[in-house]
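Colleague: please work out how this folds:
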Amino acid sequence: MNVDLESVSEATSGAIGAVLSTTILYPLDTCKTKYQADVRGHGQQKYRNLSDVLLEAISTGRVLSLYQGLGTKNLQSFISQFVYFYGYSYFKRLYMERNGSKSIGTKANLILAAAAGACTAIVTQPLDTASSRMQTSAFGKSKSLWQTLTEGSWDEAFDGLGISLILTSNPAIQYTVFDQLKQRVLKGKWNKTDKGSSPEALSAFSAFLLGAISKSIATFLTYPAIRCKVMIQAADSNDDGAKNGGRKSRKTISGVLYAIWRKEGVLGFFKGLQAQILKTVLSSALLLMIKEKIASTAWFLILAIRRYLLLTRGRLKSA
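Modeller: Prediction:
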């Protein structure tokens, strides 16, 4: 069985970068998610600003609750990024081999990135739903991963899958923009690099900057869908309407759209946009920066392991 080592290297470095960036920014992510999930009338909003969530945690002595669901989120981040980067790298490599080209166009890049994103969404949706419910639960009342996954029906574990599939356009846009910008930045360096040497990598600052730009563009274009997804997955305890039989209406895209429109108006679809951009830009920029820095190390480690296994196999055959 032939394993695409380059794709494995990309997936491993991307997954490690995702876990580290998720852990570093998790309190901000929790505040952002709880703020986005709060849909009420203008005069009845629990959180008027993102800082209100943090102040609530401090005033109630539940600061550590800002980390509730971190384990689930890290598991989801690791698996999703590994699947995404492996799929994206593999599809991209396969496309270039079949077409005999050394580069890939923007349209093809978007399609391949969307395909990798769709595979990722289907595989990790239950974990994504569980982590959102754990984050939006009242401070100190978050349930375990198993309890969260088993308290409802199997269909409920896939709440938001439809929007998740739509949101595959987000990383597709992000990584396409990042890839194109990266190629432009490295174009001069590639020309100066010997064919037999390893390819140039972006500097930490360049990777961070390009990651921030690409994610800002993707987030702005897809934000209304992002907020709808949070509302669909949010824990019921955060919605007064849920206690009065309103839970089912929030489980559909149309129900969420109507709730936001009726209670907050058009601007409600962009509530929390600044927080989302701050969190996702920092997270994605850190992820891509870390990924770029460990990509070479991961590649050489994988090659070393492969060489060791081949030598061991050769010795066993000759013995």
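
Colleague: ok, residue 132 touching residue 34?
Modeller: No - applying C-beta atoms under 8 Å, one finds residue 132 not in contact with residue 34, separated by 10.1 Å. Every residue, glycine included, has its C-beta placed from N, CA and C.

Colleague: rounded mean pLDDT for the longest helix seen in the chain, please.
Modeller: Across the chain, the longest stretch assigned as helix under DSSP state H is helix 273-318. For helix 273-318, mean pLDDT is 77.

Colleague: what is the distance between it and the centre of its chain?
Modeller: The chain centroid and the centroid of helix 273-318 are separated by 17 Å, computed with C-alpha atoms, centre = their mean, to the nearest Å.

Colleague: helices or strands up against it?
Modeller: Here helix 273-318 touches helix 5-24, helix 26-37, helix 204-233, going by 3 or more C-beta pairs under 8 Å, 6 or more residues apart in numbering; DSSP states H and E.

Colleague: okay, the ones you listed, which one's buried deepest?
Modeller: helix 26-37 (a mean of 23; mean count of other C-beta atoms under 10 Å).

Colleague: gap between the following helix or strand past it and the chain center?
Modeller: For helix 26-37, the following helix or strand on the C-terminal side (DSSP states H and E) is helix 50-59. Centroid separation for helix 50-59 versus its chain: 25 Å, with C-alpha atoms, centre = their mean.

Colleague: picking up where we left off before, residue 166: which of the helices and strands packed on helix 273-318 is closest?
Modeller: helix 204-233 (5.5 Å; C-beta to C-beta).

Colleague: what's the angle between that closest one and helix 5-24?
Modeller: Using axes from the mean of the first three to the mean of the last three C-alpha atoms, to 10 degrees, the inter-axis angle of helix 204-233 relative to helix 5-24 is 70 degrees.

Colleague: got the angle for helix 204-233 vs helix 26-37?
Modeller: Going by the same axes, to 10 degrees, helix 204-233 makes 40 degrees with helix 26-37.

Colleague: one step back: need the helices and strands packed on helix 273-318 in TSV (columns: distance to residue 302).
Modeller: Formatted as TSV, these follow (distance: least, C-beta to C-beta, whole Å):
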stretch	distance to residue 302
helix 5-24	5
helix 26-37	29
helix 204-233	21
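
Colleague: ok, of the ones you listed, where does mean pLDDT dip lowest?
Modeller: Ranked by mean pLDDT, these bottom out at helix 5-24, with a mean of 78.

Colleague: for residue 142, helix, strand, or coil?
Modeller: coil (DSSP: H, G, I helix; E, B strand; the rest coil).

Colleague: show me what contacts it?
Modeller: 65, 68, 69, 134, 135 (C-beta atoms under 8 Å, 6 or more residues apart in numbering).

Colleague: give me that answer again for 6 Å
Modeller: 68, 69, 134 (C-beta atoms under 6 Å, 6 or more residues apart in numbering).

Colleague: from residue 46, how far out is it?
Modeller: Using C-beta to C-beta, to the nearest Å, residue 142 is found at 17 Å from residue 46.

Colleague: for residue 255, same thing?
Modeller: 20 Å.

Colleague: do the same with residue 55
Modeller: 12 Å.

Colleague: more neighbours: which of those two?
Modeller: residue 46 (15 against 12; other C-beta atoms under 10 Å).

Colleague: quick check: that one touching residue 38?
Modeller: Yes - the pair residue 46 and residue 38 passes the contact test of C-beta atoms under 6 Å, sitting 5.2 Å apart.

Colleague: report the buried residues of stretch 160-179.
Modeller: Residues of stretch 160-179 classed as buried by neighbour count (16 or more other C-beta atoms under 10 Å): 160-164, 166-179.

Colleague: any idea of the mean pLDDT in stretch 60-77?
Modeller: Stretch 60-77 comes out at a mean pLDDT of 91.

Colleague: alright, calling it a day.
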